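Colleague: here are the coordinates; sequence isn't available:
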């Protein structure tokens, strides 16, 4: 466990700041639609490559529990919500644009700086 923690502490975000806080992500989908499945697959790939066990992912199917959309003010699906760390960030779509997702999750700075 210590070796893993040491390895993780050596990782640095692309914007130059080490950030080892746990990230809480919620992916809102509507059943097994192609866009929902693509969003989940793209998000899992991004998490595996950039967050290495430093995240909790909750997939919320609004077909089964539509009342949960109100909690995070979901207007479109699929939508990814980063609850923690604050501030809350939202990304709408199938998450296929990896750079957009990384910027949205604050794991990568935009070219002009933030």
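Modeller: Perfect, I can see it now. What you see is a predicted model, and the numbers here were worked out from it, not measured in a lab.

Colleague: Next, give phi and psi for the residue positioned nearest the centre of the chain.
Modeller: Taking C-alpha atoms, centre = their mean, the centroid of the chain lies closest to residue 25, which sits 5.1 Å from it. For residue 25, the backbone dihedrals (degrees, to the nearest 10) come out as phi -120, psi 140.

Colleague: If it is in a bridge, with which residues?
Modeller: Residue 25 forms beta bridges with residue 57, residue 82, as assigned by DSSP bridges.

Colleague: correct me, but it touches residue 82?
Modeller: Yes. Using C-beta atoms under 8 Å, residue 25 is in contact with residue 82, at 5.7 Å. Any C-beta I mention is one placed from the backbone N, CA and C, and that applies to glycine too.

Colleague: Pull the residues that contact the longest helix belonging to the chain.
Modeller: The helix spanning the most residues in the chain, taking DSSP state H as the definition, is helix 34-50. With C-beta atoms under 8 Å, 6 or more residues apart in numbering as the test, helix 34-50 has contacts from 25, 27, 29-30, 55, 57, 59, 77-78, 80, 93-96, 98, 101-102, 105, 107.

Colleague: what's the answer for stretch 91-111, then?
Modeller: By C-beta under 8 Å, 6+ apart, stretch 91-111 touches 13-15, 23, 35, 38-39, 42-43, 46, 50-51, 76, 78-80, 82, 89-90.

Colleague: what do you get if the cut-off is 7 Å, keeping everything else the same?
Modeller: 13-15, 35, 38-39, 42-43, 46, 50, 76, 78-80, 82, 89 (C-beta atoms under 7 Å, 6 or more residues apart in numbering).

Colleague: try stretch 63-83
Modeller: Taking C-beta under 7 Å, 6+ apart as the rule, stretch 63-83 contacts 23-31, 35-36, 39, 43, 60, 62, 88-95, 105.
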